[in-house]
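Asks: Predicted model and sequence follow; I will ask about them next.
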Amino acid sequence: MNRVSGFMASGYSRATGKPGIVMVTSGPGATNTVTPVRDAMADSIPMIVICGQVNRSSIGSDAFQEAPITSVMGSVAKHVFLVTDEDKLAATMRAAFEISTSGRPGPVVVDIPKDIQTASIDFDISSTLNINAYRERVKVNCK
């Protein structure tokens, strides 16, 4: 189901020109989105993949449903974030959208540990974010 959700997010992006968004659970839910993420990268499709992760204190302990998503997705996505500070979650999400749509569009993965998902945070969505182009668009000469 998670793989299909990834392809649905890609299809949404292809149809609308806006980033497709998919949320998946930790471990196998996240690893099942590798194929749609790679496909989106190959086709320059902007997509945001939000993955669950075990609590920060359990990362690296082979906990139930833990997977090294930053390593796994790092080779197939445009960029991967592991959120380690709840106060940086909002900025990370904004950066993910900016990176996904700037330069050569592509998928950005945001791995969010469970304890950050349940944390209470304050954030300001009104400010602007300026990120220089990231992985420029591929120029193809079709003669």
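Replies: Yep, that arrived.

Asks: Can you list the low-confidence ranges for the protein?
Replies: By pLDDT under 70, the low-scoring segments of the chain are 124-143.

Asks: Quick check, central residue of it?
Replies: Nearest to the mean C-alpha position of the chain, by Cα atoms, centre = their mean, lies Val109 at 1.8 Å.

Asks: quick one: contacts for that one?
Replies: By Cβ atoms under 8 Å, 6 or more residues apart in numbering, the contact set of Val109 is Val37, Val49, Cys51, Ile69, Thr70, Met73, Ala77, His79, Val80, Phe81. In short, each C-beta sits where N, CA and C put it, glycine included.

Asks: Validate this expectation: it resides in a strand.
Replies: Yes: assessed by DSSP: H, G, I helix; E, B strand; the rest coil, Val109 belongs to a strand.

Asks: still on that earlier bit, neighbour-wise, give me the winner out of the contacts of Val109.
Replies: In terms of neighbours by other Cβ atoms under 10 Å, those top out with Val49 at 30 neighbours.

Asks: Appreciated, that's everything.
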